[in-house]
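**Q** one predicted model, sequence on top.
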Amino acid sequence: MRNSIIFLFSILLLGCSSTSDSRTQFKFLDNATLAGQSAEAFSKMKQEIPIAGPRPTQYVQCVADALTPLVSAETFTGEWEVVVFDSEQINAFAMPGGKIGIFTGILAVTETPDQLAAIIGHEIAHVIKEHANERASQKMLAKGASIIGKVLMDLNNVDAGTQNLAMNGIGLLSQYGVLMPYSRLHESEADIAGLELLVQAGYSPYAAVELWQNMDQASAGKTKPPEILSTHPSADTRIKDLKNAIKSAVKKHPVPNKAPNCRM
C-alpha cells in the first residue's frame, strides 16, 4: 500500500507543468498518444456521421484557414483536418493532432464568419491549452484515489455499507469538487485564448460576445443546471468575461492579420 501511495505522488510530481498564465496543470499522458487516439476517434466519426456538402465545407475551411496558422509549432506542426458533419447538433470541437469538427447545427447559430471564427478559435484554444490531456489525467487521479481509498478501507476492515457510502462520497467529491470546476475553468480559458486568436486573425472581437448571446438564445426554454453543477460557465458569465477581455486582446495584437472574405 505504501508503494502505491508513493507511486501516486510520484505521478503527481512528474505530471506538474504550468500554463502560459502560470496555472499549474497535471498532465500525465503522452501528447503523441493523445493525437493517435484523437485520429482514431475522428476517423470513426467520419464513418458514422454524414459529411456536409461542398458549400458549408468550403466556408468552414476558409474561416479555419485564417486561424490554424496562428497555432505555434509547439502545439501542432502538421496540416489541420477540418470536417463539417451534417448534423443538427449545435456543437463543434477540436482534438489534439490537428482535428477540427463542426456540426452544421452550429452554422445556424453563428450568423457571420466572425462568429464562426469565434467558435473555431475557442475549440482550437482547448488544444493549445492541452485541456484534453489535463481532463484525462484528472480522471486518472480520481480513479487512483478511489482505488487507494478502497484498499485502505479493506485493510482496516471497514464494513461494506460504510465502504459504499465512502466510495460514493469520493465519487461526488471528484465530480463536483474537481472535474466540474476544472471543466468550467477550461471553458473560460478557451474563451479568452480563443478571443486572442480571433483578434490576431483579423476578426471582430465582439463576435465572441455575439456568439454566446446567440448560443444563449438557442438554448432558451431549456432547463439549465446552476452554474456550480454544470461543466460550462453560464452564458452570462462568459459574456461578461469576454467583454472584460476584449481591450487586453486588442492591445496584444495591435496589427492583426487581414481576415479572409469567407462566404457560405
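**A** Happy to help now that I have it.
**Q** longest helix of the protein, counting residues only.
**A** The longest helix of the chain (DSSP state H) is helix 131-155.
**Q** buried sites along that helix?
**A** Across helix 131-155, burial judged by 16 or more other CB atoms under 10 Å covers 131-138, 140-142, 144-145, 148-149, 153. All C-beta atoms are positioned from the backbone trio N, CA, C, and that covers glycine.
**Q** same deal with stretch 82-96?
**A** For stretch 82-96, burial by neighbour count (16+ other CB under 10 Å) applies to 82, 83, 84, 85, 87, 90, 92, 93, 94, 95, 96.
**Q** one more: stretch 228-242?
**A** Neighbour counts using 16+ other CB under 10 Å place 232, 233, 234, 235, 237, 238, 239, 241, 242 of stretch 228-242 among the buried residues.
**Q** wait, which of the buried residues of helix 131-155 is closest to residue 201?
**A** residue 131 (20.7 Å; CB to CB).
**Q** against residue 259, how distant is residue 81?
**A** 22 Å (CB to CB, to the nearest Å).
**Q** my bad, residue 52
**A** Residue 52 is 22 Å from residue 259, where distance means CB to CB.
**Q** about what we covered before: for the longest helix of the chain, give the mean pLDDT please.
**A** Here helix 131-155 scores 78 as its mean pLDDT.
**Q** does anything pack onto that helix? Which helices or strands?
**A** Secondary-structure packing of helix 131-155 (3 or more CB pairs under 8 Å, 6 or more residues apart in numbering; DSSP states H and E): helix 2-14, strand 24-26, helix 31-48, helix 160-174, helix 180-201.
**Q** got JSON lines for the buried residues of stretch 228-242, with secondary structure and distance to residue 70 too?
**A** Output for those, formatted as JSON lines (DSSP: H, G, I helix; E, B strand; the rest coil; distance: CB to CB, whole Å):
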{"residue": "232", "secondary structure": "coil", "distance to residue 70": "24"}
{"residue": "233", "secondary structure": "coil", "distance to residue 70": "24"}
{"residue": "234", "secondary structure": "coil", "distance to residue 70": "28"}
{"residue": "235", "secondary structure": "helix", "distance to residue 70": "26"}
{"residue": "237", "secondary structure": "helix", "distance to residue 70": "26"}
{"residue": "238", "secondary structure": "helix", "distance to residue 70": "22"}
{"residue": "239", "secondary structure": "helix", "distance to residue 70": "24"}
{"residue": "241", "secondary structure": "helix", "distance to residue 70": "21"}
{"residue": "242", "secondary structure": "helix", "distance to residue 70": "18"}
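**Q** nice, that's everything, thank you.
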